[in-house]
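*Asks:* sequence unknown, structure follows:
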Ligand SMILES: [Zn+2]
Ligand SMILES: [Zn+2]
Ligand SMILES: [Zn+2]
């Protein structure tokens, strides 16, 4: 484990008043190391590969806690499994391959402020966030 990563995880947990635990730290480690959102299955497989004995329920419970503390965000890309990503505080979107279900993060310049303010006015609704994901066929599957 990289020292910076360990420190980052320790700082994050401390700032949220959460205790350190092996499961908690390992989940965050995996999520922080990944360039795209990871599923609960990815996490369970990771624990298996690390020969760490952990039950499904505690992984799901942990994911819930980390979401409640706004350390991670849950995404649903409509392929039957939820995925989780560290809250980088950088707003971005995703491409999702509908053949192999590969998800990638994409940074795009967009200006939805105007549209959002229109929606707010027309519907008397305060918008906090939006999700915008792009579905299609990835490079590997195009061939
Ligand atoms: Zn956006
Ligand atoms: Zn694909
Ligand atoms: Zn992302």
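*Replies:* Great, that's in hand. Small disclaimer: the values here were computed from a predicted structure and weren't measured. Ligands and ions are numbered 1, 2, ... in the order given.
*Asks:* looking at this protein, which residue ends up farthest from its center?
*Replies:* Computed with C-alpha atoms, centre = their mean, the residue of the chain farthest from its C-alpha average is residue 122, at 31.3 Å.
*Asks:* residues in the protein within reach of ligand 3, list them.
*Replies:* Residues of the chain found near ligand 3 (C-beta under 5 Å from the ion) are 85, 105. Glycine gets a C-beta too; all of them are placed from N, C-alpha and C.
*Asks:* which stretches of the chain have low pLDDT?
*Replies:* Low-confidence segments of the chain, defined by pLDDT under 70: 1, 89.
*Asks:* check contacts around the most centrally placed residue in it.
*Replies:* Closest to where the C-alpha atoms of the chain average out (C-alpha atoms, centre = their mean) is residue 85, at 1.6 Å. Contact analysis of residue 85 by C-beta atoms under 8 Å, 6 or more residues apart in numbering lists 31, 36, 37, 38, 72, 73, 75, 105.
*Asks:* Now distance to residue 8, secondary structure and neighbour count too, for those residues, in TSV please.
*Replies:* Formatted as TSV, those follow (distance: C-beta to C-beta, whole Å; DSSP: H, G, I helix; E, B strand; the rest coil; neighbours: other C-beta atoms under 10 Å):
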residue	distance to residue 8	secondary structure	neighbour count
31	12	helix	24
36	19	coil	15
37	18	coil	22
38	17	strand	21
72	14	strand	24
73	17	strand	17
75	21	strand	19
105	18	strand	15
